[in-house]
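> this is the structure alone, sequence omitted:
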């Protein structure tokens, strides 16, 4: 069984990784796959949307004769990440209450 990841949570995960360091698309997808199942075909539209919304910026770096496009979180992205993190924390706490209620009653 897979738990569905909402767009808000997906945004938060991407922004959290980019808050640690800049990534190029493929490397970011690889990092995301450590936490959730996601394909590049899903990741790139998310990155484009986050960039359009002003949460990310990009820059190119040469690598072996090609350019890699790196993604970097903006100040606005950091603010959005804080909002998503607060939403996640509230959601997680409410779920934890349900999941742990039986254990506490035993």
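Okay, I see it. No experiment lies behind these values; they were computed from the predicted model shown. Numbering: from 1, shown residues only.

> helices and strands of the chain: which one has the lowest mean pLDDT?
helix 75-105 (a mean of 89; mean pLDDT, DSSP states H and E).

> show me what that one is packed up against.
Here helix 75-105 touches helix 7-20, going by 3 or more CB pairs under 8 Å, 6 or more residues apart in numbering; DSSP states H and E. For glycine as for every other residue, the C-beta is placed from the backbone atoms N, C-alpha and C.

> measure residue 35 to residue 95 for me?
Using CB to CB, to the nearest Å, residue 35 is found at 17 Å from residue 95.

> next one: residue 36
Where residue 95 is concerned, residue 36 sits at a distance of 17 Å (CB to CB).

> looking at those two, which is more packed in?
residue 36 (13 against 10; other CB atoms under 10 Å).

> quick one: residues contacting that one.
Residue 36 makes contacts with 5, 10, 13, as judged by CB atoms under 8 Å, 6 or more residues apart in numbering.

> flag the least confident of those residues.
Ranked by pLDDT, the contacts of residue 36 bottom out at residue 5, which has 81.

> quick one: secondary structure of that one?
Put simply, residue 5 is coil when judged by DSSP: H, G, I helix; E, B strand; the rest coil.

> can you get me a residue count around it?
There are 16 residues near residue 5, going by other CB under 10 Å.

> what's the nearest residue to it if we skip its chain neighbours?
Leaving out its chain neighbours, the residue that sits closest to residue 5 by CB to CB, 6 or more residues apart in numbering is residue 36, at 5.6 Å.

> who's the closest residue to residue 50 other than its chain neighbours bridged to?
What sits nearest to residue 50 in space, not counting adjacent residues and going by CB to CB, 6+ apart, is residue 56, at 4.6 Å. Following DSSP bridges, residue 56 is listed with bridge partners residue 73.
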